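K.L.:
Sequence first, predicted model second:
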Amino acid sequence: MLKESDRHYPELLHYSPNFKATLWTLILLADLCHDSNDVRIKKPLKIIRNHFYDPKAGIYSLKEDHFPIPCLNGNIIYLECYFTGSISGRSLKVIEFFNKYQRFDDGQYVTEKNKYCENKSCYGKHTCYWGVVKLFKGFSFIPQTKRNSSIKMLLKKCIDFILLHNVYLSSRRKDRVMVKDIDKLTFPNMYRSDFLEILWLLKREKVRSEKVGQAVDLLRSKRMPDGRWNLEKKINNMAASIGEPGRPNEFVTRRGKEVIEFYGL
């Protein structure tokens, strides 16, 4: 936990240090499919929801840093919905904000510019792909019965943006991966996702499109003769029990099997 003497205190409390702070620990537990009813989760989840919520903007934020930072909002909605099975009134306000202001630019300004989405880290000529994916991940865990028209509309925008990139490829050079290591099987998925997590989320939303074909073929090509998949890239500082690169990984394999079962052998 950050000390009061740290220059990032209190804005990045529960967010920093990377992969060790409260937010990342909860993401790790959710990605591991930890028991969502574990009472020990309730307090830290409440703490981060209160700490990061900005009542003035109606979203979760790191104050001025990367405002309005879509990945943080997507991650908190993911945690909230995974561990509570519902979505709060606060998070519904987040949905309204991003449905109105989130940009989906891909080398040109196809989304109207606005004062809320001007930081260059999240909204340059290319909207940060990870921001869109993490929003998508959060929305995907919202129960169907809780999805209003704004949620459905924003989900579609995220899906369309992902399909524009064929899950993991440059939208202009289909022979080139969009971001380094997005084609490597990684677990858990913190700041970034790998192509498998994105396929897994598309599967959750029952998205069928020819544009996922190349990614599915890539996943199929990485399957071992025994039906398992190796972990190919490890997040720094993660517990050794998650697995080592170059060895079969139960968490990657679980997702891989679900994706292949949905999209066909």
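P.N.:
Cool, got the structure.
K.L.:
hang on, residue 57 is in a strand, isn't it?
P.N.:
No: assessed with DSSP: H, G, I helix; E, B strand; the rest coil, residue 57 is coil; it does not lie in a strand.
K.L.:
Quick check: it vs residue 224, distance?
P.N.:
47 Å (Cβ to Cβ, to the nearest Å). C-betas here are computed from N, CA, C, even on glycine.
K.L.:
Over to residue 142?
P.N.:
From residue 142 to residue 224 the distance is 34 Å (Cβ to Cβ).
K.L.:
likewise residue 167?
P.N.:
Distance from residue 167 to residue 224, by Cβ to Cβ: 22 Å.
K.L.:
who's more crowded, the two?
P.N.:
residue 167 (27 against 10; other Cβ atoms under 10 Å).
K.L.:
which phi and psi does the more buried one have?
P.N.:
Main-chain dihedrals, residue 167, degrees, to the nearest 10: phi 80, psi -50.
K.L.:
Can you give the contact residues for the lowest-mean-pLDDT helix or strand in the chain?
P.N.:
The weakest-scoring helix or strand in the chain, judged by mean pLDDT, DSSP states H and E, is strand 233-234 (a mean of 85). Outside of strand 233-234, the residues within contact range by Cβ atoms under 8 Å, 6 or more residues apart in numbering are 181, 184-186, 194, 242-245.
K.L.:
how about a cut-off of 10 Å?
P.N.:
181-188, 192, 194, 240, 242-246, 249 (Cβ atoms under 10 Å, 6 or more residues apart in numbering).
K.L.:
cool, stretch 245-252 as well?
P.N.:
With Cβ under 10 Å, 6+ apart, stretch 245-252 has contacts from 31-33, 184-188, 194, 196-197, 219, 222, 224, 226-234, 242-243, 255-256.
K.L.:
quick one: low-confidence parts of the stretch 151-265 of the chain?
P.N.:
236-241, 265 (pLDDT under 70).
K.L.:
any chance you could map the helices in the stretch 51-200 of the chain?
P.N.:
70-84, 89-101, 129-140, 149-164, 195-204 (DSSP state H, counting those that start in this stretch).
K.L.:
Specify the angle between the second one and helix 129-140 in degrees.
P.N.:
Following axes from the mean of the first three to the mean of the last three Cα atoms, to 10 degrees, one obtains 130 degrees for the angle between helix 89-101 and helix 129-140.
K.L.:
What is the burial count for residue 141?
P.N.:
Considering only other Cβ under 10 Å, residue 141 is surrounded by 19 other residues.
K.L.:
Contacts only, for it.
P.N.:
30, 74, 77-83, 85, 87, 201, 204 are the contacts of residue 141 under Cβ under 10 Å, 6+ apart.
K.L.:
ok, now which ones touch the nearest residue to it once chain neighbours are set aside?
P.N.:
Using Cβ to Cβ, 6 or more residues apart in numbering and skipping residues adjacent in sequence, the residue nearest residue 141 is residue 81, 3.9 Å away. Contact partners of residue 81, counting by Cβ under 10 Å, 6+ apart, are 30, 36, 87-88, 91, 137-143, 146.
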